[in-house]
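J.: 3D, please:
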Amino acid sequence: MSGETINGGGIRAIAPAKLSHAVLRTTRLKEMVQWYQTVLNAEVLYQNEFLVFMTYDEEHHRIAIAQVPGLAEKPKGCAGLDHLAFFYATFGDWIETYERLKGIGITPRVPIHHGLSMSLYYRDPDDNGVELSIDNVEKPQWHDWMRHQLGKNPLGMAFDPDELARRYHAGVPESELRSFEARAGKFDPELLRRMVE
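T.: Okay, here's the model as predicted:
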């Protein structure tokens, strides 16, 4: 897909090459840094008394956290960014991350099989949403899937991550574990409520 279009006036519009990072404001810097280090296996590249830059890959920073004086806590249920999403390269890495985090008391609010992906939705210490996911559809098919399959069930179905992990370790083929058709049914609005509560 091209990252460039020409509008009616003949002016080029160029899409960014990538999404680089997110910056989070906080009143609890230490807890937020520890949480993102733990959950994302992120490394702090720079830190002072009010600002931290961290990454988990080759990017100079993927997450920055700023403790700005005078910040007020955001009210529950307010408008704004819903969540940040992080994807894993392999099904095994994703399952092992779920198990590692559960072992230290970090559990998802809701697990959802979206068809295109499978996602575990967490909340950080400031109640920001964080999605840890694995893709189920090959990259060349993503746009086609979004255009032609998403409308059948726009949010997906719940799944039991413990049962999924048990079956994974028992050697059940990934194609069976990732199958959306096996979980066919109607979307439960309760899932959406649990994602944002």
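J.: the domain parsing of the protein - what is it?
T.: In the assignment given by automatic domain parsing, the structural domains of the chain cover 18-69, 82-197.
J.: Could you dump those domains into CSV with mean pLDDT and mean neighbour count added?
T.: Glycine gets a C-beta too; all of them are placed from N, C-alpha and C. Supplementary listing: these in CSV, determined by pLDDT from 0 to 100; neighbours: other C-beta atoms under 10 Å:
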stretch, mean pLDDT, mean neighbour count
domain 18-69, 95, 15
domain 82-197, 89, 15
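J.: can you tell which of those domains is closest to residue 6?
T.: domain 82-197 (20.3 Å; C-beta to C-beta).
J.: picking that back up, JSON lines for the domains of the chain, including distance to residue 75?
T.: Written out in JSON lines, the entries for those read as follows (distance: least, C-beta to C-beta, whole Å):
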{"stretch": "domain 18-69", "distance to residue 75": "14"}
{"stretch": "domain 82-197", "distance to residue 75": "10"}
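J.: To residue 12, which of those domains lies closest?
T.: When the domains of the chain are ranked by proximity to residue 12, the top entry is domain 18-69, at 18.8 Å, counting by C-beta to C-beta.
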